[in-house]
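*Asks:* here is my input; please provide its structure:
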Amino acid sequence: MVGLGFKPSQGDHTLSIKHSESWGVAVLLVYVDDIIVTGDDEEEQQLLGQHLAKEFKIKTYGNYFMGIEVAHSKKGICISQQKYITGFLQETSKIAYKPASATIDPNVKLRDAD
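*Replies:* As a prediction, the model looks like this:
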């Protein structure tokens, strides 16, 4: 990554950052065998993806990371595991099951025995 102009973060050894001449930024975060590539420099993100594809067998999941979807809107960022859960229900032949309303009191204190 250093050869591509990325600099390792001093606070997190799994994070590398590259600032472009156009004041853009590309960010690479590695977690075990998952990688997040993000930033506001889309060209640099594309180049990084091409380089990684030359070196490794990769799959691109878009806005998904470890089964979590990250969606951006004017109201902010929303995370969801709907796609992961739907896939799990399909794999286990439970897709026809209906959701149940189950409210949990956030003030309940659980003990080890509970």
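*Asks:* report the helix or strand with the lowest average pLDDT across the protein.
*Replies:* Across the helices and strands of the chain, mean confidence by mean pLDDT, DSSP states H and E is lowest for strand 64-65: a mean of 73.
*Asks:* quick one: contacts for residue 35?
*Replies:* 28-29, 52, 58 (CB atoms under 8 Å, 6 or more residues apart in numbering). Where C-beta positions appear, they are placed from N, C-alpha and C, glycine not excepted.
*Asks:* if I've got this straight, it is in a strand?
*Replies:* Yes. If the criterion is DSSP: H, G, I helix; E, B strand; the rest coil, then residue 35 is within a strand.
*Asks:* list the contacts of residue 93.
*Replies:* Applying CB under 8 Å, 6+ apart, no residues qualify as near residue 93.
*Asks:* in the chain, which spans are helices?
*Replies:* 42-55, 82-91 (DSSP state H).
*Asks:* rewinding a little: go through the contacts of residue 35 and flag which are in strands.
*Replies:* Those of those mapping onto strands are 28-29, per DSSP state E.
*Asks:* can you name the two of the contacts of residue 35 that sit furthest apart?
*Replies:* 29 and 58 (14.7 Å; CB to CB).
*Asks:* compare these two (neighbour count), which wins?
*Replies:* Shown here are residue 29 and residue 58; by other CB atoms under 10 Å, residue 29 has more neighbours (16 against 11).
*Asks:* gap between that one and residue 21?
*Replies:* Remark: distance between residue 29 and residue 21 (CB to CB, to the nearest Å) = 23 Å.
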